[in-house]
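J.: Build me a structure from this.
(chains A and B)
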Amino acid sequence: MAATTVTVPPVEMPLSHELRGRVGMFCLIAAESTIFTIFVVAYLYYAGKSLSGPTPREVLDVPYFISICLFSSSFTIVMGEKAIDRGNTKLFAGWLFGTIVLGAIFVVGSLREWYRLIHEHGVTISSSLFGTTFYSLVGLHLSHVIVGLTMLSIVLIFALLGLVKQEHARRFGVLALYWHFVDTVWVVVLSVVYFIAR
Amino acid sequence: MFDAQPLSPPIAVSPEQESARPLFDRLHEWIVTVDHKRLGLMYFCYGIIFLIIGGIEASIMRAQLAVANNHLVSPQTFNRMFTMHGTTMIFFAAMPIVFGFANYFVPLMIGARDMAFPRLNAWSFWMSALGGIILYFSFIGGSGLFGAGSAPDVGWFAYAPLTSLAFSVGHSTDYWIIGILVSGFGSIGTALNVLTTILVMRCPGMTLNRMPLFPWMNSIMALLVLVALGPLTAAQAMLLIDRYLGGHFFDTQAGGSAVIWMHFFWIFGHPEVYILVLPAFAIVSEVIPVFSRKPIFGYSIMVAATVTIGFISLGVWAHHMFTVGMTSYANAFFVASTAAIAVPTGIKIFNWLGTMWGGKIRFRIPMLFCIAFLGQFLIAGLTGIMLSAAPFDWQLGNSYFVVAHFHYVILGGIVFAVFAGSYYWYPKVIGRMLDETLGKWHFWLFLIGFHLTFDFMHIPGLLGMPRRIYTYQPGRGWDIWNLIVSIGVIFQVAGVAIWALNVVWSYFKGKRAGKDPWDAWTLEWSTSSPPPDYNFATIPVAHSRRPLWDLKHPEDPDWKYE
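T.: Just a heads-up that it's a prediction; the model follows:
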């Protein structure tokens, strides 16, 4: 070969590195899902195996109101995403505040249910196998709601200080993904605890 | 013609200037670093330290078992030794070392300047480091207020109900739980980071179909960490709830189940083997082509086999539990899935052989370790198939045959590959070659030691010697084999000592390596040794699976044939 006339084929571009936040969050969600899966499996496996009273049917009421609040918060956070995407920071702060309120109602509602279970029915984490699995699974989810609320509140503080701009829309989208995950998990936990294994 | 120039200008700070700076500044830089290369090295050093500690624990066990009726250590100490040995080697030696390789070389091989999340990377490393420190703090703090013995002694898989408060008083089991829990968070962080890096940080032209096998296999490793560490984390959380909040998950007195702990543990535990062995495959898949002077044979089949292994490995866990007594349907399923995993693994072995076949093989140290790897991993796989048959496993489960089998996988497979990788990439990381003569001594001593120990360890297993006994009666036919097994340890220790000596000596006196001492083809060899902070002065562009071959041979580039 004399003169090396090489025509290089066109270069294909892999995924943009701007997607890394979303990809990373999906990885975290995959890992978290397996943790929830194990707790759900344990709950189902132990359903009805409790050796001492009360049974779930006797003490659990389906928490319709707080569940609707939590599910609605997925809608409000999408509206918040749309607002920050268009650069409307005031509207964004409004939707974000709404999301946090809905999430907070869920936390308060759950804790009231726990209070009722502990004081009226004597169901604690150590009282029976049902108590152990119930508080672990619901508590694991609740702790994720609280983590999500903490992060949303930090963003709200920044938004109120005027520090959240349109260019942060992508980052907020990653946080919103986490919040959607927390909501989706509640679909599973709600159906398992209050319907399937009741 | 090529729009990328992966040749980097010299580093801004020369080594002389570097060593003139105060020690404190330099150490501080290592502690606050977010650079993937420094973190990779730190992972590696951290893993080596624990490898040595775990090795000392193994040596104590072998000294105890060398002769019958020995009382060198107490039964309690022996229990602590095998618990700490297993836990240390898996979580704090093997995992950090494979994460170190992934951290250091994945960005370099895909033409990136760093991982996707550098700060998360640092966080993950320090979490893993904290986990190891917590585990070893148990030697001091484990007895707690009860004065109930120091380090954990419940075995590395810590079966219930031995871990309940009634049987594990004191805090040793708590240190075991929390140490693993914390390092697990670090592992999930690293896996997330590696996978994201591979998905979104590749250089222009580096499609998934052109990515070297090293990042490919590490991506499957990362995926397995993401789905396998969760069950372990969940199970550890349940155990903590049982121990601290009075829960009943594993409390059979209140309707709980001890068997479900086994399921949860092994849902993590078996993929864990593949989490460790896939990076070993990754190293071998880089070394064998370069030292056979041929591109890898059957690239796409290799990728497919890797993905298949990752998938099947999630459905084989209960082959650790044949002796528990499961239904015949469950037994049949796990026998079939376990035997099935031999197919993609066998494909890999044939592909490595196919790469060597007809190649101009250079018998340098990395290649020697890889050749030994091939034979040993094959034998490890064959005893694995034997144990996958449930009736055979009923006979030999929990015997020294099983111990020999999985040490064949871990030492004969993973550790040999790690040694191969250390000789292959040391020149890139340090800028100097590891000494060839010392390397030969290391290889042969370790090879002899490995075979003395683990070949002969199968026999007392077949003769019925159970694992985890701290001594045995003479005259059962076990004595001579145990002595040989223990003698092998001396050779292995000597080999590793020579390796350590080589690493230190070559750091100061080794031959300068230059950019590309092995005439290799992947992107990490296109930048200086050691690579500059930013890896590549200009981001490289890949036109084929061997971008460096294309640069070296513009008259016959690979992309013409792909």
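J.: What ranges does chain A have for its helices?
T.: Along chain A, the stretches classed as helices by DSSP state H are A:20-46, A:56-59, A:64-86, A:89-121, A:129-160, A:169-190.
J.: what helices or strands is the helix or strand bottoming out on mean pLDDT in chain A leaning on?
T.: Here the helix or strand of chain A ranked lowest by mean pLDDT, DSSP states H and E is helix A:56-59, holding a mean of 90. Applying 3 or more CB pairs under 8 Å, 6 or more residues apart in numbering or on different chains; DSSP states H and E, one finds that helix A:56-59 contacts helix A:89-121. Using the backbone N, CA and C atoms, a C-beta is placed for each residue, glycine as well.
J.: near chain B, anything from the helix it packs on?
T.: No - legend: contact between helix A:89-121 and chain B by CB under 8 Å from any CB of the partner chain is lacking; minimum distance shown is 13.2 Å.
J.: State the mean pLDDT of that helix.
T.: Average pLDDT, helix A:89-121: 96.
J.: Please apply the same query to stretch B:404-417.
T.: 96.
J.: now do the same end-to-end measure for it.
T.: Distance across stretch B:404-417, first residue to last, is 18 Å (CA to CA, to the nearest Å).
J.: ok, back up a step: rank the helices of chain A by mean pLDDT and give me the bottom one.
T.: helix A:56-59 (a mean of 90).
J.: now the closest residue to B:Ile498 other than its chain neighbours: how far from B:Ile448?
T.: Once flanking residues are discounted, B:Ile498 sits nearest to B:His442: 4.5 Å by CB to CB, 6 or more residues apart in numbering or on different chains. Distance of B:His442 to B:Ile448, computed by CB to CB, to the nearest Å: 11 Å.
J.: Neighbours of B:Ser172, how many?
T.: Applying other CB atoms under 10 Å in any protein chain shown, we find 25 residues neighbouring B:Ser172.
J.: B:Thr163 is in contact with that one, correct?
T.: No - between B:Ser172 and B:Thr163 there is no contact under CB atoms under 8 Å: 10.1 Å.
J.: ok so, going back, so the residue nearest to B:Ile498 versus B:Ile469, what's the distance?
T.: Taken as CB to CB, the span from B:His442 to B:Ile469 is 33 Å.
J.: And for B:Ala158?
T.: 18 Å.
J.: Neighbour count for these two, which is higher?
T.: B:Ala158 (23 against 12).
J.: so what's that one up against?
T.: B:Ala158 sits next to B:Thr83, B:Pro152, B:Thr173, B:Trp176, B:Leu239, B:Trp261, B:Phe265 when contact means CB atoms under 8 Å, 6 or more residues apart in numbering or on different chains.
J.: let's see 6 Å
T.: With contacts defined as CB atoms under 6 Å, 6 or more residues apart in numbering or on different chains, B:Ala158 has no neighbours.
J.: Which secondary structure state does it sit in?
T.: coil (DSSP: H, G, I helix; E, B strand; the rest coil).
J.: Likewise for the one 5 residues further on?
T.: Secondary structure, three-state DSSP: B:Thr163 is coil.
J.: Run a quick check on it versus B:Asp153, I expect a contact.
T.: No - using CB atoms under 6 Å, B:Thr163 is not in contact with B:Asp153; the gap is 10.5 Å.
J.: ok, the closest residue to B:Ala129 other than its chain neighbours - how many residues close by?
T.: In space, and not counting its chain neighbours, B:Ala129 is closest to B:Tyr46: 5.9 Å by CB to CB, 6+ apart. B:Tyr46 is flanked by 20 other residues according to other CB under 10 Å.
J.: go on, B:Val169?
T.: With other CB under 10 Å as criterion, B:Val169 counts 15.
J.: Quick check: pLDDT value at it.
T.: 84.
J.: Please tell me how far the spatially closest residue to A:Leu152 that is not a sequence neighbour sits from B:Gly449.
T.: In space, and not counting its chain neighbours, A:Leu152 is closest to A:Ile100: 5.3 Å by CB to CB, 6+ apart. Remark: distance between A:Ile100 and B:Gly449 (CB to CB) = 62 Å.
J.: For the closest residue to chain A within the stretch 1-150 of chain B, give me its contacts.
T.: Proximity of the stretch 1-150 of chain B to chain A (CB to the nearest CB) peaks at B:Ala116, 4.4 Å away. Under the criterion of CB under 6 Å, 6+ apart, the neighbours of B:Ala116 are A:Arg20, B:Asn193, B:Thr196, B:Thr197, B:Met201.
J.: Can you tell me the element the second one falls in?
T.: Secondary structure assignment for B:Asn193, by DSSP states H and E: helix B:172-200.
J.: does the residue nearest to B:Gly397 when sequence neighbours are not counted count as helix, strand or coil?
T.: Leaving aside its sequence neighbours, B:Gly397 sits nearest to B:Thr323 (CB to CB, 6+ apart; 4.1 Å). Following three-state DSSP, B:Thr323 is assigned to helix.
J.: my read: B:Thr323 touches B:Gln395, true?
T.: No - using CB under 6 Å, B:Thr323 makes no contact with B:Gln395, being 9.5 Å away.
J.: Next, the buried residues of the helix or strand containing B:Asn121.
T.: Using DSSP H and E, B:Asn121 maps to helix B:118-141. Within helix B:118-141, the residues scored as buried using 16 or more other CB atoms under 10 Å in any protein chain shown are B:118, B:120-125, B:127-132, B:134-138.
J.: got it, and stretch A:36-44?
T.: Neighbour-count burial for stretch A:36-44 [16+ other CB under 10 Å]: A:Phe36, A:Thr37, A:Ile38, A:Phe39, A:Val40, A:Val41, A:Ala42, A:Tyr43.
J.: Also stretch B:258-267?
T.: B:Ala258, B:Ile260, B:Trp261, B:Met262, B:His263, B:Phe264, B:Phe265, B:Trp266, B:Ile267.
J.: Mind listing residues that contact that stretch?
T.: So stretch B:258-267 is in contact with A:Ile38, B:Phe157, B:Ala160, B:Pro161, B:Pro231, B:Ala235, B:Phe250, B:Thr252, B:Trp317, B:His320, B:Met321, going by CB under 6 Å, 6+ apart.
J.: Among those residues, which one has the most neighbours?
T.: B:Ala235 (29 neighbours).
J.: In helices only, show me the buried residues of stretch B:258-267.
T.: Those of the buried residues of stretch B:258-267 lying in helices (DSSP H): B:Ile260, B:Trp261, B:Met262, B:His263, B:Phe264, B:Phe265, B:Trp266, B:Ile267.
J.: Next, format the residues you listed as TSV and append pLDDT.
T.: As requested, those are exported to TSV (pLDDT from 0 to 100):
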residue	pLDDT
B:Ile260	95
B:Trp261	95
B:Met262	95
B:His263	96
B:Phe264	96
B:Phe265	96
B:Trp266	96
B:Ile267	96
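J.: Kindly report the residues of chain B close to chain A.
T.: B:1, B:116, B:188, B:192, B:195-196, B:199-202, B:204-207, B:226-227, B:230-231, B:233-234, B:241, B:245-248, B:254-256, B:264, B:541, B:543, B:554-555, B:559 (CB under 6 Å from any CB of the partner chain).
J.: Thank you kindly, that will do.
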